[in-house]
Structures are given as structure tokens and as C-alpha cells.
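Student: prediction below, plus the sequence it came from.
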Number of protein chains: 2
Amino acid sequence: MNKKKLQSEQTKRKVADAAKALFSQKGYKATSIEEIVEATGSSKGNIYYHFKSKEGLFLYLIDEWDLEWERNWKERESLYKTTRDKLFGIAEQIILDDLNHPLTKAADEFFNNEEKGSDIEERIDEMVKRHVEFNRELLQKGIDEGEFSPKNAEQLAVILEGLFVGMSRMSRKTKTENALQLYHSAIDVFLNGIIARSS
Amino acid sequence: MNKKKLQSEQTKRKVADAAKALFSQKGYKATSIEEIVEATGSSKGNIYYHFKSKEGLFLYLIDEWDLEWERNWKERESLYKTTRDKLFGIAEQIILDDLNHPLTKAADEFFNNEEKGSDIEERIDEMVKRHVEFNRELLQKGIDEGEFSPKNAEQLAVILEGLFVGMSRMSRKTKTENALQLYHSAIDVFLNGIIARSS
DNA sequence: GATAATACAAAACGAATGTTCAGTATAAAT
DNA sequence: ATTTATACTGAACATTCGTTTTGTATTATC
């Protein structure tokens, strides 16, 4: 049980890579299984052997992306000391990640479409929850340490997540340089809005 | 040229109303022309006689919605004196409008879909530009009058627009009461972030 | 009253696309 | 060596849906 399993994993990877490229270029809906077939040389049946469905294939890619993001962050986290700096650091990583990661638009499209299987919906909910929880912990830490004024951390976490979502959408039409500035300003406003002051 | 034109307008309205209800409940993509046919009693051909396409029908509804929003705002604008208060007022109207207006989700879905006719895309771009310009004028006024710190008004306008978009998405899963709080907090943070202070 | 325009109906088109399934070959297991 | 499980093929399936087209009845125009 070796040669076959290896070959299998290689094929799965090849499909995932091709799908990622296509989803990135054309978006989720506009990318057909047929195109993935043409890009990989694999057959339709084979793709459905490795992945449960088109949605499943896409979520597989998003999961990988998420994991990669967390890995990158953990490497960089120690570079920042205060929670405030960490937030800026996260912001910047998200900015770079979002702008460099062409899957963003497809993900945005995917999450906004109403027709998802109920099992898929659950996975999405969990993913969003993970993000918000990630934000919440950081914000709570900032509040506890007196950096931010004591507000509802859970709510601020949701707002932060929403801010990124909104910025992603707004920067769709703008050039990359402007998008970078836009994101940065948004974080600036947000931080400025929750920062603790003596006034 | 009277009885016929009247009847025609009534039919168009009936179709528009039914479509609005359906798009609101089920989203853009999930609502089929066939369902609009069933809901109105009109035929497919008739719908296509009154509206150029499904996209055209949807944009017609969005346009109406936008016009109604502006009308409402102009009625209320005089109630607020400072730009800061106006922003809060706008925020609240958007909140109420968005939460009460079930078309929001469908619009969000529609704007995120990649497959639109090029003429449709133009109309969307214009609409977004109008919104941003609306925001920009207000923010610029606030800056000129010293209420807000002098930042790039254009960029802040885009950020504000994005914030609403993001909040709309984030509040999709939450209950109405929580959504109201969320929106309000977000505006709070934003205003707090751009407010002018003596520090 | 004849002609033209308008409002509407009903059916067919047509094309894209996700998914399944019967069948085959290659490998592992016994 | 035979059986079994796994990886894969390719075609058919199954629908869904937006759009077009052809035909008709009613109303306006002259």
C-alpha cells in the first residue's frame, strides 16, 4: 500500500492546484468542473473520486489557505509586542495575503451565494467563528492591558472582521497601490476608534 | 392612449413587487423567472416585454430602492445640525433601511457575482460612485468645519461605504437586535476614529 | 372600419453544468 | 494465482433557467 497511495495524493494535489488557479482567475461560479478536467488531464469522475463536490473542493482550498495564514502569523507574532502593534501586524499580513492571494475574490463570491449544501454551511460558519474568535482574543487582551477602552470585545471582533470583508469588496475595483493605502487607513481609523485615551 | 398604458404600468408594478418579494426571500440567483411568473400570473414573455432581462429587472428594483432612500434622507437631514450628527443620522437610517429592507442580501449577492453584462456593470459602478460621493461630501464638510481631523476624505468615504457593506455581511447570521447594536458600534468606532481632538 | 401598435400568452430553445454510474486497469492482500 | 480494493475513465444523466419566438387579442390611430 504505497505506490498507489502516493500516486493518489499527487493527483489530488494536481487537481487542487489547478482548481486554485482557475478559481482565482475566473471566480467560483465561472469555473466549471470541465475546465478543471481540461487543466489537469484527469477525468470528471476522478475529480469526484477525490472530492465530494465542487463546493467541497473549493472549501478544501480555503482550508489550506487558512492554515497557511495561521502558520505565517505564528511565525511573525513575536515580532510585535503590544496588542496594538499586533493588530497592525495582523492587518498588514491580511492586506498582503488578501492582495497577493487571488483566491480572495472567489471566496467572497462563494460566501455570498445563497445556494450551499447544509453541511457546507456549517463549515463556513465554523470558519467565520474561528476568525472572530481570533480577533476577539486579541482585542480582549488589549482591553485587559488597558490599551483599548473597555468595550464589548466580541462585538468589536465582529466589526473588525466585517471591516476586512468590506475593504476587500471596496478594493476590488481600485489599483493595488490604492488598495494597500485603503486597508491601512481603515485599520488606522479602527484602532484610533478603540484606543484608550485619558480624555 | 390611456387604458392600455395604465394597464401596462399596473402590470409592470405587479411584476416588480412580486420580484422584490421573491428576491428578498430567496436571493437573486435562487429566484427564477418561472417563480415570478407563478407569483404574478403574468407570462414569461410578458415579463421580458417589460424588462430587458433578469439583471435589468433586479437593477430596476435597486434603483427604486436607492431613490426611496435619498427621498427619506432629504426629509430627515434638517433634523441634524453638525456633520457628526448627520453621520449618525445617516448611519441609523442605513441601519433601519438595511435591516428592514430585505433586498439587501440579494443585492449583496448580486454585486458579488462575476457574471454580469457589461452594461449592467456600468450601472453598478455608477451607483457605488454615487454612494461614495455622498459619503465624501459629508466627510469633507466635517473636515472643513473642524469636526474631523483632516484626512483624505475620498478614502474615508470608501472606508465608510465598505464598513456598511461589511456590517451587512456580518449581521447576516445574527438576530435583528444584535445587528442593530453591531451597526451602531461600528459607526461609533468609525466616528471616534476620525473625530478631531485636541490631544 | 381598416391598419398599426401594444400587451400579453405559451411553448420551445438551447446551452451550460454538476453529478452519477457502469466499466476498466492497476495495485495490494490473501 | 486469485481475489479485493483502489484509482481512474468517459459517457450519459438530469435539470435548471434565461431568453427568444411565434401567435393572438385588445386598444389606439387615421
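Tutor: The structure has been received and is ready for your questions.
Student: show me what the host helix or strand of residue A:158 is in contact with.
Tutor: Following DSSP states H and E, the helix or strand that holds residue A:158 is helix A:153-170. Applying C-beta atoms under 8 Å, 6 or more residues apart in numbering or on different chains, the set of residues contacting helix A:153-170 from outside is A:94, A:98, A:104, A:108, A:128, A:131-133, A:135-136, A:139-140, A:143, A:182-183, A:186-187, A:190, A:194, B:111-112, B:158-159, B:161-167, B:169-170, B:181-182, B:185-186, B:189. Bear in mind the C-beta positions are built from the backbone N, C-alpha and C, glycine included.
Student: hmm, 7 Å instead?
Tutor: Defining contact as C-beta atoms under 7 Å, 6 or more residues apart in numbering or on different chains, one finds that helix A:153-170 is touched by A:94, A:98, A:104, A:108, A:131-132, A:135-136, A:139-140, A:143, A:182-183, A:186, A:190, A:194, B:158, B:161-163, B:165-167, B:169-170, B:181-182, B:185-186, B:189.
Student: tilt between that helix and helix B:153-170?
Tutor: Between helix A:153-170 and helix B:153-170, the angle comes out at 120 degrees (axes from the mean of the first three to the mean of the last three C-alpha atoms, to 10 degrees).
Student: quick check, the following helix or strand past helix A:153-170 touching chain B?
Tutor: Using DSSP H and E, the helix or strand that follows helix A:153-170 in sequence is helix A:176-194. Yes. For helix A:176-194, a contact with chain B is found by C-beta under 7 Å from any C-beta of the partner chain, at A:181, A:182, A:185, A:186, A:189, A:190, A:192, A:193, A:194.
Student: and for the fourth one, nearest residue in space, chain neighbours not counted?
Tutor: Right, residue A:186. residue B:159 (4.8 Å; C-beta to C-beta, 6 or more residues apart in numbering or on different chains).
Student: just to revisit the earlier point, what about the helix holding residue A:158, average pLDDT?
Tutor: When pLDDT is averaged along helix A:153-170, the result is 88.
Student: repeat for stretch A:87-99
Tutor: For stretch A:87-99, the mean confidence score works out to 78.
Student: tell me how far it is from the chain's mean position?
Tutor: 11 Å (C-alpha atoms, centre = their mean, to the nearest Å).
Student: identify each buried residue in it, please.
Tutor: By neighbour count on 16 or more other C-beta atoms under 10 Å in any protein chain shown, the buried set for stretch A:87-99 is A:87, A:88, A:90, A:91, A:94, A:95, A:97, A:98, A:99.
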